[in-house]
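Asker: only geometry, no sequence info:
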């Protein structure tokens, strides 16, 4: 699975959009980009995933660059409850289905 | 909304004792996982399980670990002889298909080995 790079931490004002970047310059053609988050020692929570098209669901939007070497997770109206560690994970479909978590981005949403 | 449940939420044990951590995956899911997270460290994959057998395991998952699906609903992780370094949060996860799937995680069991 391709390696990802994320900023260690970010701050966001409540009600504003939170834009979390992820670099995955070695991503290969069949690898998807997944985003999970972990709220203070709870189990990780799936947010969204995509291959090359932008994706949106009730939680977030995922913007993937045309060359697929980077992506941005957007939380359109961040709330205090969105304070968490956000993990960008790149994985293909071959082999096992394990998720390899990095250190992620600690997002702090403040009033 | 269906969810993965885990029991107990906190387990304290003495070094050398056996522990069994229990998970009830989402009912129509077929793929099951255990991960662990030592305090302040990354979430680490331990093992995946499908069709009543291990499909993949990490280097951490040595002979002292075992998994079982004893009935149609439970999925267990057994640690035969616990060590101090086994102290961690243990998360169970399940998924309904391979490939481009999301995994649903339980709330975790905090294992403390004294």
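Answerer: Happy to help now that I have it. This one's a predicted model, so the numbers in the text were calculated from it and none came from an experiment.
Asker: tally of neighbours for residue 13?
Answerer: Reading this off chain A. By the measure other CB atoms under 10 Å in any protein chain shown, the count of residues near residue A:13 is 11. No exception for glycine: its C-beta is placed from N, CA and C like everyone else's.
Asker: let's do chain B instead
Answerer: Neighbours of residue B:13 (other CB under 10 Å): 16.
Asker: so it touches residue B:110, yeah?
Answerer: No. Here residue B:13 does not reach residue B:110: they are 11.5 Å apart, not a contact under CB atoms under 8 Å.
Asker: what's residue 84 sitting at in phi/psi?
Answerer: Using chain A here. When quoted as degrees, to the nearest 10, the phi and psi of residue A:84 stand at phi -170, psi 170.
Asker: actually it's chain B I care about, not the one you picked
Answerer: The phi/psi pair for residue B:84 (degrees, to the nearest 10) is phi -60, psi -40.
Asker: and the helix or strand of chain B with the lowest mean pLDDT, what does it pack against?
Answerer: None of the helices or strands of chain B scores lower by mean pLDDT, DSSP states H and E than strand B:53-57, at a mean of 92. The helices and strands touching strand B:53-57, judged by 3 or more CB pairs under 8 Å, 6 or more residues apart in numbering or on different chains; DSSP states H and E, are strand B:43-50.
Asker: in terms of secondary structure, what does the strand it packs on contact?
Answerer: By 3+ CB pairs under 8 Å, 6+ apart, strand B:43-50 packs against strand B:31-37, strand B:53-57, strand B:65-68, strand B:75-79.
Asker: give the pairing partners of it; include direction for each.
Answerer: When sheet partners are counted by DSSP bridges, strand B:43-50 sits next to strand B:31-37 (antiparallel), strand B:53-57 (antiparallel).
Asker: before we move on, back to that, want to throw the helices and strands packed on strand B:43-50 into TSV with distance to residue A:31 and mean neighbour count?
Answerer: Shown next, in TSV, are the helices and strands packed on strand B:43-50 (distance: least, CB to CB, whole Å; neighbours: other CB atoms under 10 Å in any protein chain shown):
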stretch	distance to residue A:31	mean neighbour count
strand B:31-37	19	24
strand B:53-57	17	14
strand B:65-68	27	17
strand B:75-79	28	20
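Asker: without its sequence neighbours, what residue ends up closest to the most centrally placed residue in chain B?
Answerer: When CA atoms, centre = their mean is applied to chain B, the residue found nearest the centroid is residue B:34 (3.2 Å). Counting by CB to CB, 6 or more residues apart in numbering or on different chains, residue B:46 is the residue found nearest to residue B:34 once chain neighbours are left out, at 4.3 Å.
Asker: partners of residue A:85 in the sheet?
Answerer: Counting by DSSP bridges, the residues bridging with residue A:85 are residue A:38, residue A:106.
Asker: residue A:38 is in contact with that one, correct?
Answerer: Yes. Residue A:85 is within contact range of residue A:38, at 4.8 Å (criterion: CB under 8 Å).
Asker: who touches both of these two?
Answerer: Shared contacts of residue A:85 and residue A:38, defined by CB atoms under 8 Å, 6 or more residues apart in numbering or on different chains, comprise residue A:104.
Asker: give the contact list for residue A:22.
Answerer: Residue A:22 sits in contact with A:4, A:5, A:6, A:33, A:35, A:70, A:71, A:72, A:73, A:88, where contact means CB under 8 Å, 6+ apart.
Asker: that one - that's part of a strand, no?
Answerer: Yes. Counting by DSSP: H, G, I helix; E, B strand; the rest coil, residue A:22 is located in a strand.
Asker: fine, thanks again, bye for now.
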